[in-house]
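Asker: Give me a model of this one.
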Amino acid sequence: MYSICITGHKPDKLPGGYNRKTKENIKLFHFFRDYLISKIEEHKELTCYSGLNLGVEQIFAIAAIDLKSKGYNIKLKTCLSNDLPENDWSNEDKQTFDKILSFCDKIDKIKDNNYFLNMIKQSDEVLTFWNGSAGITAQNNYIAHMLNKPTFFINTSYLTLGPSPIKFF
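Answerer: Have a look, this model is predicted:
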């Protein structure tokens, strides 16, 4: 079974912000759904890994759940840090998180907060929504690079795949 891990920005760095119903975030959902369908067509079955943070990770997970509900051969797995859901999340965000969790085929809680390392190691490829800024997403991309995982960068403005905006070495 082929597997994909998602990494990407939280809503403050997304064109659509915190509201999952903005046209930009709906476009991102459709982008993920179409990409996942292409991978299922290529590999017949697919496992998706998401850390379920707000933003890209939850939109990706919702796209996987949508396909699963339509009969596609797809599994959703998560590796969670100990601090999710975060205390500053709204009640609606916490409810969404719990609902997504209820659809997960496997849930791993990672004590040392290296949940992305765990997901990246288990994945065949890494899909990343990254604007090139420093931070956790940059670290995850570096880890994927060091583990020789194929990494596909989503252009944050046009939702197309392309090369890394930054060369690691």
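Asker: tell me, which helix in the protein spans the most residues?
Answerer: helix 23-43 (DSSP state H).
Asker: what about stretch 124-134, average pLDDT?
Answerer: In this model, stretch 124-134 has a mean pLDDT of 89.
Asker: what comes up buried for that stretch?
Answerer: 125-131 (16 or more other Cβ atoms under 10 Å). Heads up, the C-betas are built off the backbone N, CA and C, glycines and all.
Asker: now, among those, which is nearest to Lys39?
Answerer: The closest of the buried residues of stretch 124-134 to Lys39 turns out to be Glu125 (Cβ to Cβ; 8.5 Å).
Asker: Contacts only, for that closest one.
Answerer: 2-5, 149-152 (Cβ atoms under 8 Å, 6 or more residues apart in numbering).
Asker: out of these, which is most surrounded?
Answerer: Of all the contacts of Glu125, Cys5 has the most neighbours under the rule other Cβ atoms under 10 Å, reaching 29 neighbours.
Asker: Check the gap between it and Trp89 for me.
Answerer: Taking Cβ to Cβ, to the nearest Å as the measure, Cys5 and Trp89 are separated by 22 Å.
Asker: I'd guessed Asn131 sits against Asp12; true?
Answerer: No: using Cβ atoms under 8 Å, Asn131 makes no contact with Asp12, being 11.3 Å away.
Asker: related to what we said a few turns ago, list just the nearest of the buried residues of stretch 124-134 to Cys104.
Answerer: The closest of the buried residues of stretch 124-134, once distances to Cys104 are taken by Cβ to Cβ, is Leu127, at 17.8 Å.
Asker: Off-centre distance for the strand or helix carrying the closest one?
Answerer: Following DSSP states H and E, one finds Leu127 within strand 125-129. Centroid separation for strand 125-129 versus its chain: 7 Å, with Cα atoms, centre = their mean, to the nearest Å.
Asker: Now tell me what touches the helix or strand just after it from outside.
Answerer: Counting by DSSP H and E, the next helix or strand C-terminal to strand 125-129 is helix 136-146. With contact meaning Cβ under 8 Å, 6+ apart, helix 136-146 is reached by 5, 7-9, 116-117, 120, 126, 128-130, 132, 151, 153, 164, 166, 168.
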